[in-house]
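K.L.:
sequence and predicted structure, then a few things I'm wondering about:
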Amino acid sequence: MAKRESRAAQRERLLRAAAAVETPSDCDVMVIGGGASGLTAAICAAEEGASVVVLERDLECGRSILATGNGRCNFANVHLDPRRYNDPAFVGAACGTRWLDDVLGFFRDCNMRWILEDDRLYPMSRQATSVRNVLLARARRAGVIMAPAREFQGAIWIKPEWLGKIDDAVHYRPENSTTQPAGMAEVAHTLPLDESGLPYLPGARAVVLASGGETLPFVASELGLSLVERRPVLCPLACEDSPLSALDGRRAHVLARLTKAESLFPSYQERGEVLFRSYGISGIVSFDLSRRAEAGDLIELDLVPDLNESQLRQLVDPFASGSFEPGCLDGVIDPSIAEQLELLAKQRWCVAWDERKEPQSASEALLALAKRLPLVVKGPAEPEKAQVTRGGLATGQFDPETLAHRELPWLYACGEALDVDADCGGFNLAWAWKSGMVAGTAAARWALS
Ligand SMILES: Cc1cc2nc3c(=O)[nH]c(=O)nc-3n(C[C@H](O)[C@H](O)[C@H](O)COP(=O)(O)OP(=O)(O)OC[C@H]3O[C@@H](n4cnc5c(N)ncnc54)[C@H](O)[C@@H]3O)c2cc1C
């Protein structure tokens, strides 16, 4: 059996490969960030005939794709709809009416095939590596120069004689930087250096910002770009005194309803799985709720969404005695959750927020907890686990039809670098691919015009 490569050996190999990548002195399109949207933009620009260089901070391009969809990459959704995004007007104008066809056509041309689970699309291999590999192969075929271990950190200067040329102020993270990942300095020593001793990076006629959740604040301040503050979304939610905190790790299929603190009626509901955590809830439902919920809002979980109240009452208290038999919910919900609900019902537990409907009897209390378990939101939990960040480059300064900056026609942006985020289900990657196509194609046309 082939011996598995150690992490250290892999890093060494990747560092050597990165250092061996030679970048030309200038190119038509420079893409900053070689993730989902950046690789797509680079492929589309190169296939338009432009010479393209991708600068990627990581040791390889496309690594961000590997963790998606629990390693399976839920790369799109058959019901792509701008209303699933925080900026429907901008997303709708950028993606057009053939959005899904465009994304599937792009992957068909990458020789990838897919499968459907519910509304979600995955590669037929059910492996995120497939998605990354087909992108890298197509980028290579198109002649894209992928330059990993190059963190773009410099300012962009606009030379009047060559609008869009990136000056040698574009440079590498200095060796003594505290945040520098191990190994980066080694690469810096092996890269060709310019006269100021900094690794040499090419000039470009057009630049595509595709750095994902990283805002590149130095670029923004240098160019006067308007930024929306970043915050994590698609993440677990911390709740005040969660009554099910003892059930850390248990899962339940629920219908969750969100009521804003200032409102009496739910504004959003979603059906799916929640994972109870000691601090609150996680799982896809909580991820989608995190895009809408703020501190003080109320989430009510219907733990038996397939039975209505009267059907459930029949199970809990068939003789309307006001009490219930222990274990009466065991056949419909996880028995350890049912046991906890019974305890809470006996104590007539309710959150302060929810004084409206304090139940009278033990059976009414159990029914209420099973159908409307109340949780008061504290805020995002474990932000490092967030799948997406909201915020970034304000969309208003970009033309949605080309994703070109309205005043800097050589500057383009795509993917999460822009202030665009969406629900779970393949919507975020669908935006990354399509916005990459739009920005890459338009950047190449500008550079070659
Ligand atoms: C765990 C996890 C699971 C997910 N699962 C899904 C899913 O199944 N379906 C879905 O639709 N979405 C999913 N997402 C969201 C999805 O991955 C992102 O929306 C998408 O990758 C955004 O693409 P992007 O190109 O904008 O950014 P990224 O793919 O993050 O790429 C940005 C790239 O830029 C590089 N970079 C950053 N700064 C610099 C710099 N200064 N210089 C050079 N390079 C730089 C980064 O290293 C990175 O490679 C998931 C996210 C996470 C974290």
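P.N.:
On my side now, so go ahead. Numbers count the residues shown, from 1 in each chain.
K.L.:
what packs against the longest helix anywhere in the chain?
P.N.:
Selection of the longest helix in the chain by residue count, based on DSSP state H, yields helix 427-448. On a contact count with 3 or more CB pairs under 8 Å, 6 or more residues apart in numbering; DSSP states H and E, helix 427-448 meets strand 26-32, helix 36-47, strand 76-77, helix 88-95, helix 99-108, strand 203-209, strand 404-405, strand 411-413. In short, each C-beta sits where N, CA and C put it, glycine included.
K.L.:
now the angle from that helix to strand 203-209?
P.N.:
160 degrees (axes from the mean of the first three to the mean of the last three CA atoms, to 10 degrees).
K.L.:
please identify the buried residues of helix 427-448?
P.N.:
Within helix 427-448, the residues scored as buried using 16 or more other CB atoms under 10 Å are 427-447.
K.L.:
may I have that helix as CSV, with CA atoms only?
P.N.:
Extracted as CSV, the C-alpha positions of helix 427-448 are listed here (Å, rounded to 0.1, in the frame of the first residue of the first chain):
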residue,chain,number,x,y,z
PHE,A,427,-26.5,29.4,-2.8
ASN,A,428,-23.2,30.8,-1.7
LEU,A,429,-21.1,28.8,-4.1
ALA,A,430,-23.7,29.4,-6.9
TRP,A,431,-23.0,33.1,-6.4
ALA,A,432,-19.2,32.5,-6.3
TRP,A,433,-19.2,30.7,-9.7
LYS,A,434,-21.6,33.0,-11.5
SER,A,435,-20.0,36.2,-10.2
GLY,A,436,-16.6,34.8,-11.1
MET,A,437,-17.8,34.2,-14.7
VAL,A,438,-19.2,37.7,-15.0
ALA,A,439,-16.1,39.5,-13.5
GLY,A,440,-13.5,37.3,-15.3
THR,A,441,-15.1,37.7,-18.7
ALA,A,442,-15.6,41.5,-18.3
ALA,A,443,-12.1,42.0,-16.9
ALA,A,444,-10.6,40.2,-19.9
ARG,A,445,-12.7,42.3,-22.4
TRP,A,446,-11.5,45.5,-20.7
ALA,A,447,-7.9,44.4,-20.6
LEU,A,448,-7.9,43.4,-24.3
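K.L.:
which parts of this structure sit against the ligand?
P.N.:
32-38, 55-58, 64, 67-69, 73-74, 151-153, 210-212, 214, 216, 387-388, 415-417, 426-429, 432 (CB under 6 Å from any ligand atom).
K.L.:
please redo it, this time with the cut-off set to 5 Å
P.N.:
33, 35-37, 55-58, 64, 67-69, 74, 151-152, 211-212, 214, 387, 415-416, 426, 428-429, 432 (CB under 5 Å from any ligand atom).
K.L.:
give the buried subset of those residues as a ChimeraX selection command.
P.N.:
Provided next is the ChimeraX selection string for whichever of these are buried by 16+ other CB under 10 Å:
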select :33,35,36,37,55,56,57,58,64,68,69,74,151,152,211,212,214,387,415,416,426,428,429,432
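K.L.:
contacting residues for whatever residue of the stretch 301-449 of the chain ends up closest to the ligand?
P.N.:
Taking CB to the nearest ligand atom, the ligand has its nearest neighbour within the stretch 301-449 of the chain at Gly415, 2.3 Å off. Gly415 is in contact with Gly33, Gly35, Ala36, Ser37, Gly38, Ala210, Gly212, Trp431, Ala432, Ser435, Gly436, counting by CB atoms under 8 Å, 6 or more residues apart in numbering.
K.L.:
how near is the closest residue to the ligand within the stretch 101-250 of the chain to Cys235?
P.N.:
The nearest approach of the stretch 101-250 of the chain to the ligand comes at Gly212, 2.7 Å away (CB to the nearest ligand atom). Per CB to CB, to the nearest Å, Gly212 is found 16 Å from Cys235.
K.L.:
follow-up on the earlier one: so for the longest helix of the chain, what's the average pLDDT?
P.N.:
Helix 427-448 carries an average pLDDT of 97.
K.L.:
and stretch 30-42, end to end?
P.N.:
Terminal residues of stretch 30-42 lie 8 Å apart, using CA to CA, to the nearest Å.
K.L.:
mean confidence score for that stretch?
P.N.:
On average, stretch 30-42 scores 96.
K.L.:
now do that stretch: distance to the chain's middle.
P.N.:
Here stretch 30-42 is found 16 Å from its chain centre; the criterion is CA atoms, centre = their mean, to the nearest Å.
K.L.:
need the pLDDT of Asp194.
P.N.:
Model confidence at Asp194 (pLDDT) stands at 56.
K.L.:
next one: Ile158
P.N.:
36.
K.L.:
where in the stretch 251-400 of the chain is pLDDT low?
P.N.:
Low-confidence segments of the stretch 251-400 of the chain, defined by pLDDT under 70: 350-359.
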